[in-house]
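In: Let me see the structure of the following:
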Amino acid sequence: MKLKKLTTALMLTGLAGLPLASFADSTEDLVNALVTKGVLTEEEGALLAKNRTKEKSSEAKVKMSKKGIEISSADDAFTMQIGGRLHATLAEHSYGSLGNNEEDPIDGTEIRRARLYAKGKLYKKFGYMAEVDWGGDKVGVKDFFGTYNPNKNWELTFGNQKHAFSMEVQESSNDIMFAERSLVYGISVPHFDRAVGINLKAMGETWNVQGGLYGDGVTASIDKDSSSDQRHEGKGAAIRGTWNPILEKDRMVMVGGSLGYRKASDSNEVNNGKDHKFAYKTTNFSELSVVSSGTSLERGNSFKMGILELAAMNGPFSFQSEISRGTVERNDGKPDYDVSAYYAQVGWVLTGESRTYKATDGEFKRLKPSKNFDPDKGTWGAWEVALRHDGIDLDDANISGGEAKRMTLNLNWYLNENMRLLAGYERFYDLNKLKSDDGTDLDHMDVFQVRAQWAI
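Out: Model prediction:
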């Protein structure tokens, strides 16, 4: 009789692990009910409950949250997080008439980014990140690297990754306050974007220093059919450090700087198959550059660049700026070519929240609304106003790359931690690269961009 009772109880508790378990609050409730009805003794019930607890402790854990799909082993030694992002953009231009045989900028829509990623840990101290982008009607590999964290103060990264360079380059496109990065990006990228390399970071509560050595990006092409002296890819190095003399929950001051070096490849291509030129387009898909140096960094030339950084936050107010200067050292007897750019931006969260800042990375993260958008509850998420002024100068050493300045005003609506809408108005001015039909400098060009974004 006792054997029959145990067999019946085992069958019932086994069913508790199947979908039928939804008819009971938990395995523990089921065992308690069997004890109450006299099917099991208290000792038998305790034994079954203990065995069930051991089984559950060895099971993998899976959950879905605002961080995506999270999977982990029972001891959390192995984890995986699966997520992605979608950035859909609408852009319209307003200007006079273009001369110089320039094509009109493109108005319309674009899937700017459409990414999926998987990241996690192996044996607790090793990590990985794999991300692919389908945005812009093409497929590209983004972050694809492994990490080793012996403790909280050190991190080693190997694989395709961003250079240790520039606060703005380091920040995720999910978190920046504008649809596109500043004019500083026109001289920092593609030279110091993603590339295959190794990077070491040391960090503390209020500071971080990181540096690395890099080759070209994973999709940079090398001419395999040419002679052996034409098959060497580009190479580079970068170092960045930041320090927070003031660091509180919603108040901070940060100072930092970056230095970078890159030598052109034999095929004269660089990270992610781009060429060595300094340029900035009116929008990502317009194909009209307000400044462009042409192929200023040719085969065998090298480029050095430095950046000074300053950022601050006080409650809902934030400030961020960088000033950069670079020099192309040419080996063909031509004079060195100097370029420069800067930006300064301020943000005000109208609903009172503070931006998220991570000192160990020296960068801002996404804004998190205190109350998500939910009309039924009368809550409307977070609202932010942002203003940016930036400029770039590519005229030097007989290279007419152009000059430009810009003012950008954005109104950003954060519906929740994963979704936001950005609406921005930009005015490019002091242009000397773009000409009107009458041959004079184009006075200005206005750009309107709206972006809908989700990211997990």
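
In: what about stretch 64-75, how long is it end to end?
Out: With CA to CA, to the nearest Å applied, stretch 64-75 spans 19 Å between its terminal residues.

In: Can you give the distance of it from its chain's centre?
Out: 21 Å (CA atoms, centre = their mean, to the nearest Å).

In: same deal with stretch 421-440?
Out: On the basis of CA atoms, centre = their mean, stretch 421-440 sits 28 Å off its chain's mean C-alpha point.

In: same question, stretch 124-133
Out: On CA atoms, centre = their mean, the centre of stretch 124-133 falls 14 Å from the chain's centre.

In: cool, and stretch 194-211?
Out: Relative to its chain's centre, stretch 194-211 lies at 16 Å (CA atoms, centre = their mean).

In: Could you work out the end-to-end span of that stretch for me?
Out: 14 Å.

In: Could you do stretch 239-259 as well?
Out: Start to finish, the residues bounding stretch 239-259 are 5 Å apart (CA to CA).

In: now swap in stretch 387-406 and tell me
Out: End-to-end distance of stretch 387-406: 11 Å, with CA to CA as the criterion.

In: What's the mean pLDDT across that stretch?
Out: For stretch 387-406, the mean pLDDT works out to 95.

In: List the buried residues of it.
Out: If you call a residue buried by 16 or more other CB atoms under 10 Å, then stretch 387-406 has these buried ones: 388-396, 399, 401-406. For the C-beta atoms, the positions are set from N, CA and C on the backbone; glycine is no exception.

In: And stretch 190-204, by the same measure?
Out: Of the residues in stretch 190-204, 190-197, 199-201, 203 count as buried by neighbour count, 16+ other CB under 10 Å.

In: cool, and stretch 360-374?
Out: 360-364, 366-369, 372-373.

In: Check stretch 96-106 too.
Out: Neighbour counts over stretch 96-106 (16+ other CB under 10 Å) mark 98, 105-106 as buried.

In: got a markdown table for these, with distance to Y414 too?
Out: Below are these laid out as a markdown table (distance: CB to CB, whole Å):
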| residue | distance to Y414 |
| --- | --- |
| L98 | 37 |
| P105 | 29 |
| I106 | 29 |
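
In: from the residues you listed, which has minimum pLDDT?
Out: For these, the least confidently modelled position is L98, at 88, judged by pLDDT.

In: For G273, give me the pLDDT.
Out: G273 carries a pLDDT score of 59 in this model.

In: how about the helices of the stretch 1-150 of the chain, start to end?
Out: Per DSSP state H, counting those that start in this stretch, the stretch 1-150 of the chain has helices spanning 2-15, 27-36, 42-57. These are given in chain order.

In: May I ask which helix or strand of the protein has the lowest mean pLDDT?
Out: The least trusted helix or strand in the chain, going by mean pLDDT, DSSP states H and E, turns out to be helix 2-15, with a mean of 48.

In: Quick check on the spatially most central residue of the chain: phi, psi?
Out: If you average the C-alpha coordinates of the chain and look for the closest C-alpha using CA atoms, centre = their mean, you land on S172, 2.2 Å from that point. The phi and psi torsions at S172 (degrees, to the nearest 10) take the values phi -70, psi 150.

In: can you list the domain ranges for the protein.
Out: Partitioning the chain according to automatic domain parsing yields domains covering residues 2-57, 83-113+177-191+219-455.

In: Cool, thanks, talk later.
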